[in-house]
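> turn this into a model:
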Amino acid sequence: MFPQKLFAGAAFAATFAASGLFPAPAAAQVEPAASAPASAAAPAAPGGNIAVLAPAPPADAQDDVFAQLREAARKGDADKAAELAARLPDYPIPSYVDYYRLKPRLRDASPPEVLAFLKRWEGSAIADRMRNDWLLELGRQRDWFNFDRELPLFVKNDDYQVKCYALLSRASKGQNVAAEARTLLDNPPLYGEACAALVAQLAQSGQFTTNDLYAQLRLAGEQHATGPARRTTLLLGGSDTRAAQAVDLPAVAMARGVGNSRLEHEIYLVALGRMARTSLKLATVALNKNAPKLSAEERAIGWSNVALAASMTLAPEAYGYWQQAANAPLSAYQREWKTRIALRRGDWKMVRATIESMPPEQQQQAAWTYWLGRALLAQGRKEDGQALFRQIASQNHFYGQLAMDELGMQVTIPPAAMPPTPAELGQVSADPGFKRALKFFAMRMRFEGTREWNWTVSNFNERQLLAAADYARQNGILDRMVNTSERTRTEFDYTQRFPAPHDDILQPTARNLGLDRAWVYGLIRQESRFITDARSGVGASGLMQVMPSTAKWVAGKIGLSDYAHDMLHDIRTNITLGTNYLNMVLGNAEGSQVLATAAYNAGPGRARTWRGLLDAPMEGAVFVETIPFEETRTYVRNVMSNATNYAALFEKRPQSLKARLGTVTPRGNGIGLP
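Numbers count the residues shown, from 1 in each chain. Below you'll find the model as predicted:
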């Protein structure tokens with residue numbers, strides 16, 4: 001039973017408003033009059049006054065003004081945005097001028113004004129973006145009349161908090177949404193006000209049980225989400241301060257002891273899981289010491305928390321911890337890591353049992369379809385395993401290619417489609433969506449350019465997609481060429497999907513170093529998608545995303561005495577430094593492309609550590625699946641899959657991903673690399 005005092009109408013609202021953890025909703029907007037035409041509202045300055053148009057700046061200065069407008073909107077400076085928008089009466093992309101004028105004052109805008117914008121730019125990418133923004137605001141204000149009307153018109157429908165507001169709207173009308181909420185609410189760091197309010201509403205209405213809330217508390221601890229942990233603990237009638245300590249200061253929380261109530265036990269187990277991330281020894285000692293005070297399920301939960309922490313470092317003890325965690329309720333992340341540790345141990349029975357315990361939407365992911373098929377094969381159920389492989393073998397990705405290997409097939413390049421005709425190219429080149437995209441790309445506003453491009457191709461047929469991809473190639477936007485071409489399902493052009501630009505530089509460089517050209521291109525495709533001025537959040541630059549410190553070190557090693565930092569943006573220099581470093585990493589990995597790819601992304605030190613944990617040779621696919629870092633795991637999968645396609649394209653013969661992955665052996669005597 002829930003503590004009744006927390007769910008007593010006004011007392012409930014007052015309790016959480018006072019806590020500051022459950023923001024009180026603003027008053028709902030008044031329902032607009034049915035007779036008010038949406039087109040009646042004109043763009044207005046703050047306060048409702050029509051903005052006075054200023055003289056337009058010279059054409060060559062308009063882009064600078066637009067960039068300032070975009071920045072003002074991002075900062076929420078409505079006055080500045082209105083002033084800048086008034087200076088752009090004839091800008092080539094008027095929909096975005098309108099958007100950036102309205103966006104910073106969306107909270108105060110009337111429904112007719114927003115509806116006027118949506119009608120004016122109906123069917124455009126920026127209208128859908130505005131509808132996304134407005135839905136968030138309507139949800140925050142609990143204006144369910146307007147929210148429910150606009151939600152079906154939200155084309156992308158890809159906003160996590162909008163999804164939470166959608167369930168909250170239905171729940172507020174008495175609909176049972178608990179099952180959908182359990183599936184959706186799996187990422188506490190992204191909850192924000194919308195999902196926090198949804199959890200509170202479901203708890204208040206009784207749709208969420210105490211077990212649901214305890215699952216949310218454990219999930220918040222697992223994902224280091226302090227706010228959601230605090231709010232969930234309040235819903236359970238506990239101390240949010242203690243919940244915060246369990247997540248952020250586990251040693252302090254554990255020093256207080258297990259406590260007497262179930263909630264105190266659950267908070268202690270959260271702290272135990274957080275402690276295990278820094279000290280497995282302290283966590284296991286504490287769990288063993290306090291085991292008599294815990295129920296059988298609570299002990300299993302404790303061991304599952306310890307097992308997850310051990311798994312994420314590939315600790316040898318992880319397998320035993322998972323066995324002690326039998327019958328514990330597991331999160332999706334825990335099920336994945338339990339499967340991975342079973343793979344490393346070669347325990348196909350555990351692999352199968354864990355995957356089959358996953359909910360359908362998780363079990364049907366390509367990774368777990370493939371590994372369940374492998375488990376069935378290992379248990380002698382060949383036909384059942386092959387049936388699973390056939391489900392994904394037509395999908396040209398890492399697991400689809402591995403499934404092909406299991407079916408005795410290899411990766412080949414499908415026959416090329418007929419090239420786009422001049423008429424088809426003319427049609428796409430005249431599309432205003434592409435014109436907007438090219439304008440944004442020219443201004444180095446890649447986010448907006450990509451949005452416009454993707455929106456434009458979203459409903460294209462196969463021939464239009466191929467023509468659009470070719471148009472992207474003509475304009476040097478190779479990342480959009482790849483992305484667009486990958487959308488086709490019946491007609492293919494693999495020179496679009498797997499381009500080889502700058503081959504006059506890369507091919508001789510790779511040949512002189514003895515590097516596999518297909519592998520290098522597979523890596524570049526993943527690193528930069530052939531965006532020559534690509535720059536990562538940590539400073540890696542260019543086609544091969546070379547870090548400045550690494551570039552300087554490699555330049556010294558290969559005798560590039562005149563190297564300067566700015567040269568890293570030169571294509572020839574970037575390829576030279578990147579391939580030389582890749583060759584050094586490959587040598588350090590004793591020729592293993594899997595290890596070298598992991599080292600290129602995560603650093604040679606980490607790759608050496610992961611290899612050093614092996615006590616026997618390991619199948620390459622298993623090694624990749626159990627790389628601890630999700631980013632690196634995804635990176636290696638994509639690079640190796642890319643390389644297999646490039647090899648089929650370059651060599652014009654079938655290829656095996658499984659053969660390319662090979663076997664990863666225990667650590668040799670590698671040299672230190674940066």
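> I'd like the next helix or strand past the helix or strand of the chain with the lowest mean pLDDT.
Lowest by mean pLDDT, DSSP states H and E among the helices and strands of the chain is helix 10-19, with a mean of 39. Later in the chain than helix 10-19, the nearest helix or strand by DSSP states H and E is helix 59-74.
> buried residues, that following helix. List them.
Of the residues in helix 59-74, 62-63, 65-66, 68-70, 72-73 count as buried by neighbour count, 16 or more other C-beta atoms under 10 Å. Placement of C-beta: from N, CA and C, glycine included.
> nearest to residue 417, of those residues?
Within the buried residues of helix 59-74, proximity to residue 417 (C-beta to C-beta) peaks at residue 63, which comes in at 37.3 Å.
> any idea how far the closest one is from residue 70?
Using C-beta to C-beta, to the nearest Å, residue 63 is found at 10 Å from residue 70.
> elements contacting the longest helix along the chain?
When the chain is parsed with DSSP state H, its longest helix is helix 630-651. Packing contacts for helix 630-651, counted by 3 or more C-beta pairs under 8 Å, 6 or more residues apart in numbering; DSSP states H and E, involve helix 398-406, helix 494-497, helix 517-527, helix 593-602, helix 620-625, helix 657-661.
> between these, which one is nearest to residue 215?
In terms of C-beta to C-beta, the element of these nearest to residue 215 is helix 620-625, at 26.2 Å.
> kindly export that closest one (C-alpha atoms) in PDB.
C-alpha atoms of helix 620-625 as PDB (Å, rounded to 0.1, in the frame of the first residue of the first chain):
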ATOM      1  CA  GLY A 620      35.900 -11.900 -32.700                       C
ATOM      2  CA  ALA A 621      32.100 -11.400 -32.700                       C
ATOM      3  CA  VAL A 622      31.900 -12.300 -29.000                       C
ATOM      4  CA  PHE A 623      34.800  -9.900 -28.200                       C
ATOM      5  CA  VAL A 624      33.100  -7.100 -30.100                       C
ATOM      6  CA  GLU A 625      29.800  -7.800 -28.400                       C
END
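> got the contact list for that helix?
340, 343-344, 367, 371, 398, 402, 592, 594, 610, 633, 636-637, 640, 658, 660-664 (C-beta atoms under 8 Å, 6 or more residues apart in numbering).
> so what touches stretch 181-191?
Against stretch 181-191 from outside (C-beta under 8 Å, 6+ apart): 160-161, 163-164, 167, 171, 195, 198-199, 202, 207-208, 212, 216, 219-220, 223-225, 227-229, 331-332, 359, 361.
> state the distance from residue 537 to residue 343.
31 Å.
> the more surrounded of these two?
Between residue 537 and residue 343, counted using other C-beta atoms under 10 Å, residue 343 has the larger neighbour count: 23 against 5.
> and residue 533, what pLDDT?
We have a pLDDT of 84 for residue 533.
> ok so, going back, who wins for proximity to residue 93 among the helices and strands packed on helix 630-651?
Residue 93 sits nearest to helix 494-497 of all the helices and strands packed on helix 630-651, at 27.1 Å, using C-beta to C-beta.
> contacts for the next helix or strand after the closest one, please.
Moving toward the C-terminus from helix 494-497, the next helix or strand (DSSP H and E) is helix 503-513. Residues from elsewhere that reach helix 503-513 (C-beta under 8 Å, 6+ apart): 500, 516-517, 520-521, 571-572, 575-576, 579-580, 583.
> ok, now with 6 Å
The contact list for helix 503-513 (C-beta atoms under 6 Å, 6 or more residues apart in numbering) reads 517, 520, 572, 575, 579, 583.
> just stretch 273-280 next, same as before
By C-beta under 6 Å, 6+ apart, stretch 273-280 touches 221, 250, 282-283, 305-306, 309-310.
> thanks again, I'm all set now.
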